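Novice: okay, predicted coordinates and the sequence, questions at the end:
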Amino acid sequence: MRSKFLTPYLFLAPALILLVLTVFYPAIQALYLSFTDYDLLSAPEWVGLKNFRILWRDDLFWKSFWNTILYLICVVPLLVTLPLGLAILVNQKLRGIQWFRVMFYTPVVISMVVADGPEDCLVFGDGGDGVERAGVLHGDLFGGVAGDWGGFV
């Protein structure tokens, strides 16, 4: 009976450990350091609310704060409603919706390897392998075609 109780926690343990190490500990550390004078070279010195009083009087902070609020009000609703509207549109039975679906899903479906073929045709003219042409496989990174282009292609 006890193993049934512990099993879910054993599965959750790796994720919880990563969450603590990458989110909670850094957040607590940042909160602590916000109350100190710390320059990475010496030990943190406790200053209390001094940093926050300085921040409260800083014009750049307030400009950044209001820019963030403006972004939150203008951009975030668009980033929620526009994709939701497109998802609803894709699921409708409208005339010509198949073409819209093709245009909508093509960038998602085509892998980068397949999409690299037309680029090779445009850049190298004969559709050859761009990696080989750049000299990667031959150990000559900056000679040949890559040298002609002024860098690694």
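Specialist: Alright, I've got the coordinates.

Novice: give me the domain ranges for this structure.
Specialist: Partitioning the chain according to automatic domain parsing yields domains covering residues 1-57, 110-153.

Novice: does residue 60 lie in a helix or a strand, and which?
Specialist: Following DSSP states H and E, the helix or strand that holds residue 60 is helix 59-90.

Novice: which helices and strands does that helix pack with?
Specialist: helix 97-109 (3 or more C-beta pairs under 8 Å, 6 or more residues apart in numbering; DSSP states H and E). Any C-beta I mention is one placed from the backbone N, CA and C, and that applies to glycine too.

Novice: check what pLDDT the residue nearest to residue 61 when sequence neighbours are not counted gets.
Specialist: The shortest distance from residue 61 to any non-neighbouring residue, by C-beta to C-beta, 6 or more residues apart in numbering, is to residue 55 (5.3 Å). Model confidence at residue 55, given as pLDDT, is 95.

Novice: what's the answer for residue 98, then?
Specialist: Note on residue 98: pLDDT of 87.

Novice: how far away is the residue positioned nearest the centre of the chain from residue 91?
Specialist: Nearest to the mean C-alpha position of the chain, by C-alpha atoms, centre = their mean, lies residue 79 at 15.2 Å. As judged by C-beta to C-beta, to the nearest Å, residue 79 and residue 91 stand 20 Å apart.

Novice: what does residue 8 give?
Specialist: Taking C-beta to C-beta, one finds residue 8 at 36 Å from residue 91.

Novice: quick check on the nearest residue to residue 48 once chain neighbours are set aside: phi, psi?
Specialist: Closest residue in space to residue 48, ignoring its immediate chain neighbours: residue 35 at 6.0 Å, by C-beta to C-beta, 6+ apart. Backbone torsions for residue 35, taken as degrees, to the nearest 10, come to phi -100, psi 10.
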